[in-house]
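>>> With the sequence up front, the predicted model follows.
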Amino acid sequence: QVQVMESGGGLVQAGGSLRLSCTASGLIFENYHLSWFRQSPGKEREGVACIDRRGSSTRYADSVQGRFTISRDGARVNLQMNGLKSEDTAVYYCASECRGRSEDYWGQGTQVTVSS
């Protein structure tokens, strides 16, 4: 059984930083591109960042470019979030691949709340 697990969410003041991490069991993470998505109440799910299998190529949503950094280390993918804004408040999800498809592997999500 595949399980994808995020950690590191929480409450932070605007301008602060958080680091999210994601691991998986029953799945060889190294075989996949990996990504972070987020969803706020009343909004559609948004792709935040994607990293390729080798960790050599990344891409970001315009809204987080220059503030967030995705990285991977073996069976873990991280999202370093700096300069957080209230609009970054959302549930953040880790996913296999970067397509955002329901058939990909998803975690349960971790809440990030940024207070202004």
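Ah, there it is. Please read these numbers as outputs of a predicted model, since none were measured by experiment.
>>> can we go C-alpha only for contacts and neighbour counts from here?
Will do.
>>> Could you list the low-pLDDT ranges of the chain?
Of all residues in the chain, none has pLDDT under 70.
>>> Work out which residue lies at the spatial centre of the chain.
residue 36 (2.7 Å; C-alpha atoms, centre = their mean).
>>> how near is residue 6 to residue 30?
16 Å (C-alpha to C-alpha, to the nearest Å).
>>> Looking at these two, which one has more neighbours?
Between residue 6 and residue 30, residue 6 has the larger neighbour count (other C-alpha atoms under 10 Å), namely 23 against 18.
>>> Apart from its chain neighbours, what residue comes closest to that one?
residue 22 (4.3 Å; C-alpha to C-alpha, 6 or more residues apart in numbering).
>>> from memory that neighbour sits against residue 80, does it?
No. Contact status for residue 22 versus residue 80: not in contact, 11.8 Å apart, counting by C-alpha atoms under 8 Å.
>>> Pick out whichever of the two has more residues nearby.
With neighbours defined as other C-alpha under 10 Å, residue 22 and residue 80 compare such that residue 22 has more, 25 against 14.
>>> Run through the bridge partners of that one.
residue 6, residue 77 (DSSP bridges).
>>> which residues touch residue 40?
89, 90, 91 (C-alpha atoms under 8 Å, 6 or more residues apart in numbering).
>>> quick one: which of these sit in strands?
90, 91 (DSSP state E).
>>> which residue packs closest to the residue nearest to the centre of the chain, ignoring adjacent ones?
Residue 36 sits nearest to residue 94 (C-alpha to C-alpha, 6+ apart), 4.7 Å away.
>>> what about the one you found, helix or strand, and which?
strand 90-96 (DSSP states H and E).
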